[in-house]
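Chemist: 3D model of this:
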Amino acid sequence: MKQEQFVARHQAEWVAFEQWLQARGDARAARGERNTLELGDEDVPQRYRRICQQLALARRRGYSPVVTTRLQDLMQRGHNLLYRPPPPRWRRVGEFLLAGFPRLVRSEAGCMWASLALFAIPLVGWFVLLQYRPELIHALMDPQQIAAYERMYDPANPAQRLGRDSGTDWAMFGVYIMNNISIGLRTFASGLLFGVGTILVLIFNGIGIGATFGHLVQIGYGDPLFRFACGHGAFELTAIVIAGGAGLRLGFSLLAPGRRRRIDALVEGGKKGAKLCLGVAAMLLIAAFIEAFWSAIGSIPAAVKYSVAAVLWTLVLSWLFFGGRGHDALAPHGRTVVPGARPGMLGPGDPQADASRHGRRREWQKESVDAA
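Modeler: All right, here's what the predicted structure looks like:
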């Protein structure tokens, strides 16, 4: 093939690749903007391989330096972009918590709504029931437990720390961390029992919280209780529901693996559940901090406590519903956005990901023919 024909045939590809490099070269800008170029992010690794093949052909055929230099420049710029070092670990953690985690929660919306129902319905049901049948609290708790709760939220002693009998803030911070994270992990891990364990944990937690709140409100201790729980509840209760959703996804993977082997479905569900648990752990850590150093202060007026709680609930719900939406637009097919991806490393959703080794070799040979 003559050089003029070669250039005319591939000129459009080179121009599109140059435009993509100019527009998407800044990784930070690329994460915040939607790609409206002719060359899609998901097509860049294949286009980069074609540029490399075309450079090899141009050199072998002895084309002029004008062509080989241009292709060399495109190849080098593409290599520098696609093989750039990953961002610092702390930044990846921040990106996951701010964008990846809420996006992952929304991807399992069905399990999350089911978890919310399993947790909230028993909670509300027992709360309402105890307003009419207060004696039923004794069917769930022994007298020592009831007396301990009443002592912690007694409005006749406003100077005491709400929600605790004793202990410094730092000591209780450690206690809350252990208690919260153990509940979250138990809720998730119980999904290994085909989801039944997670269902029971959610129901029992809902019953326990609903009964406690229902009894204390019924005897007139509701004000200290709500002043204590309203702040950290935004993170703690939401985290329990998300952990329940992760456990239900784990159980559903075992019950309905589809065309996959059950063990493969379990591994896939476990990986997704583990990522969700990382976000849950972060939420429970924040909840423990608020519970230890803010919620327990009984001298703060109720209006201040409720105002802060409203801000926290708004932040948590906005984060979960809207966090990472810009990333969704950049990766509509579930792929990682190309800046930071590597050519030849196939992501989830790539039609070549399930191809055999020989099938991928044939695909490479076909690209080589097209490049000529």
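Chemist: Point out where the stretch 251-372 of the chain drops to low pLDDT.
Modeler: 326-372 (pLDDT under 70).
Chemist: and if we set it to 50?
Modeler: Along the stretch 251-372 of the chain, the model assigns pLDDT under 50 to residues 328-360, 363-364, 367.
Chemist: moving C-terminal of the longest helix seen in the chain, what's the next helix or strand?
Modeler: Across the chain, the longest stretch assigned as helix under DSSP state H is helix 222-255. Reading on from helix 222-255 to the C-terminus, the next helix or strand found by DSSP states H and E is helix 262-290.
Chemist: what's the angle from that following helix to helix 222-255?
Modeler: Angle, helix 262-290 to helix 222-255, by axes from the mean of the first three to the mean of the last three Cα atoms, to 10 degrees: 170 degrees.
Chemist: Does anything pack onto helix 262-290? Which helices or strands?
Modeler: In terms of contacts (3 or more Cβ pairs under 8 Å, 6 or more residues apart in numbering; DSSP states H and E), helix 262-290 is packed against helix 101-107, helix 169-189, helix 222-255. Placement of C-beta: from N, CA and C, glycine included.
Chemist: Can you spell out which helices and strands pack onto the following helix or strand past that helix?
Modeler: Toward the C-terminus, helix 262-290 is succeeded by helix 302-322 as the next helix or strand (DSSP H and E). Judged by 3+ Cβ pairs under 8 Å, 6+ apart, the packing partners of helix 302-322 are helix 101-107, helix 222-255.
Chemist: Quick check: buried residues in helix 302-322?
Modeler: Lys305, Val308, Ala309, Leu312, Trp313, Val316, Trp319, Leu320 (16 or more other Cβ atoms under 10 Å).
Chemist: give me every residue that touches the residue nearest to the second one when sequence neighbours are not counted.
Modeler: Closest residue to Val308 apart from its sequence neighbours, by Cβ to Cβ, 6 or more residues apart in numbering: Gly231 at 5.8 Å. With contacts defined as Cβ atoms under 8 Å, 6 or more residues apart in numbering, the neighbours of Gly231 are Ile290, Glu291, Trp294, Ser295, Lys305, Val308, Ala309, Leu312.
Chemist: Can I get the residues you listed in CSV including distance to Arg60?
Modeler: Conversion of the contacts of Gly231 to CSV gives the following (distance: Cβ to Cβ, whole Å):
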residue, distance to Arg60
Ile290, 66
Glu291, 69
Trp294, 70
Ser295, 72
Lys305, 75
Val308, 70
Ala309, 70
Leu312, 65
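Chemist: ok, and what's touching the helix or strand harbouring Arg9?
Modeler: If you go by DSSP H and E, Arg9 is part of helix 3-24. Residues from elsewhere that reach helix 3-24 (Cβ under 8 Å, 6+ apart): 1, 30, 35, 37-39, 41, 44, 47-48, 50-51, 54, 57-58, 61, 63-64, 67, 70-71, 74, 77-78, 81, 338-339, 371.
Chemist: residue contacts, Phe96?
Modeler: Lys275, Leu278, Gly279.
Chemist: what about it, distance to Arg133?
Modeler: Counting by Cβ to Cβ, to the nearest Å, the gap from Phe96 to Arg133 is 46 Å.
Chemist: What of Val196?
Modeler: Distance from Val196 to Arg133, by Cβ to Cβ: 29 Å.
Chemist: Could you chop this protein up by domain?
Modeler: 3-89+329-371, 103-323 (automatic domain parsing).
Chemist: coming back round to it: could you give me the buried positions within the longest helix of the chain?
Modeler: Quick answer for helix 222-255 (16+ other Cβ under 10 Å): 224-254.
Chemist: tally of neighbours for Met112?
Modeler: By other Cβ atoms under 10 Å, 22 other residues sit near Met112.
Chemist: Correction: the previous question concerned Arg262.
Modeler: Neighbours of Arg262 (other Cβ under 10 Å): 13.
Chemist: which residues touch it?
Modeler: Leu254.
Chemist: before we move on, back to that, would CSV of the helices and strands packed on helix 262-290 with distance to Ser115 be doable?
Modeler: Formatted as CSV, the helices and strands packed on helix 262-290 follow (distance: least, Cβ to Cβ, whole Å):
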stretch, distance to Ser115
helix 101-107, 11
helix 169-189, 9
helix 222-255, 3
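Chemist: Which one of those has the poorest average confidence?
Modeler: For these, the weakest mean pLDDT is recorded on helix 169-189, namely a mean of 89.
Chemist: So what's the gap between that one and the chain middle?
Modeler: 20 Å (Cα atoms, centre = their mean, to the nearest Å).
Chemist: next helix or strand past it?
Modeler: Next helix or strand after helix 169-189 toward the C-terminus (DSSP H and E): helix 196-218.
Chemist: Does Ala302 touch Arg227 like I think?
Modeler: Yes: judged on Cβ atoms under 8 Å, Ala302 makes contact with Arg227 at a distance of 5.4 Å.
Chemist: Geometric centre of this structure: which residue is closest?
Modeler: The centroid of the chain falls nearest to Phe101 when counting by Cα atoms, centre = their mean (1.6 Å).
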